[in-house]
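1. Could you look at this predicted model? Sequence included:
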Amino acid sequence: MAISGTASGNVRPGDGYPSGVTEEKDGGSGAMRRGPADLVWSTVALQLAGLAFCGVVALIAWPFGWLPDSQYLALMSTMFAAQPAGELYRAGPPRRLAAVAALFTLMTVALLIAATAEWAFPVMAEHDLGFLAGFLVGTPVGVAVLAWFYNRGNVA
């Protein structure tokens, strides 16, 4: 039985989406579940938006003698980038182990990169740029771990 208005006529039962669509509609909340790669790319894009926001703040505050420090940059970029992970956590059943694993991954990657950067480039230690670089790399990795836990739970 073909449904009119679709190109191929293949429609998944229950949600009305064509069978080739990669996103799946969550049954309870109506939110769209995306794959881990989409979540990581959207996290990176939102981090860049957060850094752009910090750049605008720096340009506005520079004539008044205030420049944001690296902790402010890390905080703002992480606040901007938390949206995909928050949507994923709200869309499915709460998995506290997945959230804890994502946070531990974020902190482990951030600390490893910060320690390596400050060991390799001692000048960076004065300005805490290793901390900022570690947080910028660790946030998408933490989101990937969270998405992996959720996708693993949905398959089983």
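-> It's in.
2. and for stretch 67-74, what are the contacting residues?
-> Under the criterion CB atoms under 8 Å, 6 or more residues apart in numbering, residues 51, 54, 57-58, 61, 76, 127-129, 131-132, 135-136 lie in contact with stretch 67-74. For the C-beta atoms, the positions are set from N, CA and C on the backbone; glycine is no exception.
3. Can you check the pLDDT for Phe53?
-> Listed pLDDT for Phe53 reads 91.
4. Let me fix that, I meant to ask about Gly9.
-> pLDDT recorded at Gly9 is 47.
5. Now Ala117: which helix or strand?
-> helix 96-120 (DSSP states H and E).
6. hmm, back to that, for ChimeraX, write a command that selects the buried ones of the contacts of stretch 67-74.
-> Here is the ChimeraX command that selects the buried residues among the contacts of stretch 67-74 (16 or more other CB atoms under 10 Å):
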select :51,54,57,76,128,129,131,132,135,136
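7. Among the contacts of stretch 67-74, which lie within helices?
-> If you go by DSSP state H, the contacts of stretch 67-74 have 51, 54, 57-58, 61, 76, 127, 129, 131-132, 135-136 in helices.
8. Which of those residues lies at the shortest distance from Met107?
-> Checking the ones in helices among the contacts of stretch 67-74 against Met107 with CB to CB, the nearest one is Phe135 at 9.3 Å.
9. Could you chop this protein up by domain?
-> Domain assignment for the chain by automatic domain parsing gives 1-33, 34-155.
10. For the residue most central in space within the chain, give its distance to Phe131.
-> For the chain, the residue nearest the mean C-alpha position is Thr43 (3.3 Å; CA atoms, centre = their mean). For Thr43, the distance to Phe131 equals 18 Å [CB to CB, to the nearest Å].
11. rewinding a little: for the residue nearest to the centre of the chain, what are its contacts?
-> 81, 84-85, 139-140, 143.
12. From Gly130, how far out is it?
-> 21 Å.
13. Counting neighbours, what do you get for Ile60?
-> As a burial measure, Ile60 scores 10 neighbours (other CB atoms under 10 Å).
14. got a pLDDT number for it?
-> At Ile60, pLDDT is 91.
15. re the thing from before, quick check: of the contacts of Thr43, which lies closest to Ala110?
-> Closest to Ala110, out of all of the contacts of Thr43 and judged by CB to CB, is Thr139, at 8.2 Å.
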